[in-house]
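# Structure here, sequence nowhere to be found:
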Ligand SMILES: N=c1c2ncn([C@@H]3O[C@H](COP(=O)(O)OP(=O)(O)OP(=O)(O)O)[C@@H](O)[C@H]3O)c2ncn1[C@@H]1O[C@H](COP(=O)(O)O)[C@@H](O)[C@H]1O
């Protein structure tokens, strides 16, 4: 899981740097709504996760959780934060 998150975050950082035309991630960094685009996405995905959980749809729960994690990592990158800061916060709670 840690490797998966590290690799995904590295791809997101690369998209932020290179801004390929065909990249959804890049489109979030250049969106006319600015950071609100990713914030709105997080809100939508959270609602979709709640609905999937209420319906006990395990596949949907996993899919919506993945959408949230991906958009969360984009937000961290947008704020020039690193995964280390998230890890430090979680470790401090153990
Ligand atoms: N993990 C993801 C990921 N999760 C979700 N999404 C995108 O998030 C968007 C929002 O999902 P929704 O459920 O709201 O679907 P939607 O209604 O069609 O979305 P929109 O109409 O709002 O675009 C979709 O376009 C998904 O493709 C992702 N896009 C990219 N990644 C990862 O990022 C990498 C780089 O992707 P690109 O930036 O596209 O090259 C990929 O290889 C993946 O590993």
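Nice, thanks for sending it over. The shown structure was predicted, so the numbers you read here are calculated from the model rather than taken from an experiment.
# Please name the residues that touch the residue lying closest to residue 15 once chain neighbours are set aside.
Nearest residue to residue 15, sequence neighbours excluded (C-beta to C-beta, 6 or more residues apart in numbering): residue 25, at 3.9 Å. In short, each C-beta sits where N, CA and C put it, glycine included. Residues near residue 25 by C-beta atoms under 8 Å, 6 or more residues apart in numbering: 11, 12, 15, 16, 74.
# could you dump those residues to CSV with neighbour count and secondary structure?
Output for the contacts of residue 25, formatted as CSV (neighbours: other C-beta atoms under 10 Å; DSSP: H, G, I helix; E, B strand; the rest coil):
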residue, neighbour count, secondary structure
11, 13, helix
12, 22, helix
15, 19, helix
16, 18, helix
74, 24, helix
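# Return the distance of residue 23 relative to residue 70.
As judged by C-beta to C-beta, to the nearest Å, residue 23 and residue 70 stand 13 Å apart.
# now do residue 89
For residue 89 relative to residue 70 (C-beta to C-beta), the value is 19 Å.
# Compare neighbour counts for these two and give me the winner.
Per other C-beta atoms under 10 Å, whichever of residue 89 and residue 70 has more neighbours is residue 70, with 20 against 9.
# Tell me where the protein has helices.
Listed in chain order, the helices found in the chain under DSSP state H are 2-18, 24-29, 36-54, 58-78, 83-92.
# Any chance of a markdown table for those, columns mean pLDDT?
Listed next are these as a markdown table, based on pLDDT from 0 to 100:
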| stretch | mean pLDDT |
| --- | --- |
| helix 2-18 | 96 |
| helix 24-29 | 98 |
| helix 36-54 | 97 |
| helix 58-78 | 97 |
| helix 83-92 | 95 |
